[in-house]
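Engineer: Have a look at this prediction, sequence included:
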Amino acid sequence: MSNHIKQFKQFIYDSAGDNTHQINEENLQYCLKSVEGCLRAFFKGRKPSLSPSGMSVERRKMWHLLNKTKGYNKDQFKPTSRIKMLVSSVAEFIIVFLMKEAGIKIHNEQDKLNMEFQGVKMKGSCDYGLDGKMHDFKCCSGDNYRVKWKNTKTLLEHDEFGYIIQLPTYHKGAEWSTGVGGWDVYNLDTGDIKHISAKKLDYEMDMSIEHFEEKLKDVKRAKSWEEFPPCHQPIITKSGVEQLDWRCARCPFVKTCWGNKYEPTKKNINQISYIKRSEGAER
Ligand code: SF4
């Protein structure tokens, strides 16, 4: 177990419910302000743009992001996913607050970063630094904690959201960063926390940035998104229904790419899937 996680766990064990700990006011106010920001952001829409969190997307989606394709779908997330994302962001600020109360020397928290790849400028913000190294904080379900976030090998196998490319990108964008530290991962089901070091991932991180730059070059050259194949092909479900891949169903450009060929299911508000529209219903 890494030292800062050991220190954090010992602090919680010693101080929770002990009536002795004096909260650092500045730390508390920062946390409250950040939680307020999360709650306000929940009600605001966000225009899709190319950012470090979207660097692992395929070329067609990258084209849309880079060229700001109009007519994007604002409601691509399930209501339950929206709430889960809100709870995760709030949990992050609370755990980082407790880490600071534990005496862990977190620095450059939520620094705004400017990055440039192939002449394309991107903005982002990092989670924090620790001993000069870039750290990313992740909240996850118990299942993901056991499977995806077990170790670096399992993260590599399940990196569909591109977490591996984010860390070196933030590192490049922060003058203070001397290298990548890793991920501090919090289990929303059990309250457990661990650190996954990025030490053994130097090669994968370099390759992921190189791959991103290659895709970006292609995308910059293209005149239209139609020059690229769909990022993900539709699937046939066990019941024989043709349905869009979940990544397309969640993508803001679903209408542009697939028109009226697929329609969102209305059966369950928590399950937004796009199924093939029957021929007669085609508009
Ligand atoms: S809808 Fe699917 S194919 Fe189109 S940009 Fe989004 S992910 Fe790619």
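Structural biologist: Cool, got the structure.
Engineer: From the contact counts, what lies against the helix of greatest length in the chain?
Structural biologist: Assignment by DSSP state H gives helix 79-101 as the longest helix of the chain. Helices and strands touching helix 79-101, by 3 or more CB pairs under 8 Å, 6 or more residues apart in numbering; DSSP states H and E, are helix 3-15, helix 25-42, strand 106-107, strand 133-140, strand 179-187. In short, each C-beta sits where N, CA and C put it, glycine included.
Engineer: Can you list the strands that the third one pairs with?
Structural biologist: Strand partners for strand 106-107, identified by DSSP bridges, are recorded as strand 128-130 (antiparallel).
Engineer: Identify all contacting residues around the partner strand.
Structural biologist: 4, 96, 104-111, 135, 137, 174, 176-177, 181 (CB atoms under 8 Å, 6 or more residues apart in numbering).
Engineer: one more time with 10 Å, if that's ok
Structural biologist: Contact with strand 128-130 is made by 2-4, 92, 96, 99-100, 104-111, 134-137, 170-171, 174, 176-178, 181-182, 184, 195, as judged by CB atoms under 10 Å, 6 or more residues apart in numbering.
Engineer: pLDDT averaged over it, what's the number?
Structural biologist: Averaged over strand 128-130, pLDDT sits at 98.
Engineer: buried ones in it?
Structural biologist: For strand 128-130, a neighbour-count test (16 or more other CB atoms under 10 Å) marks 128-130 as buried.
Engineer: could the residues you listed be laid out in a markdown table, adding distance to the ligand?
Structural biologist: Shown next, in a markdown table, are these (distance: CB to the nearest ligand atom, whole Å):
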| residue | distance to the ligand |
| --- | --- |
| 128 | 31 |
| 129 | 33 |
| 130 | 34 |
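Engineer: which of these lies closest to residue 206?
Structural biologist: Each of the buried residues of strand 128-130 was scored against residue 206 by CB to CB, and residue 129 proved nearest at 20.6 Å.
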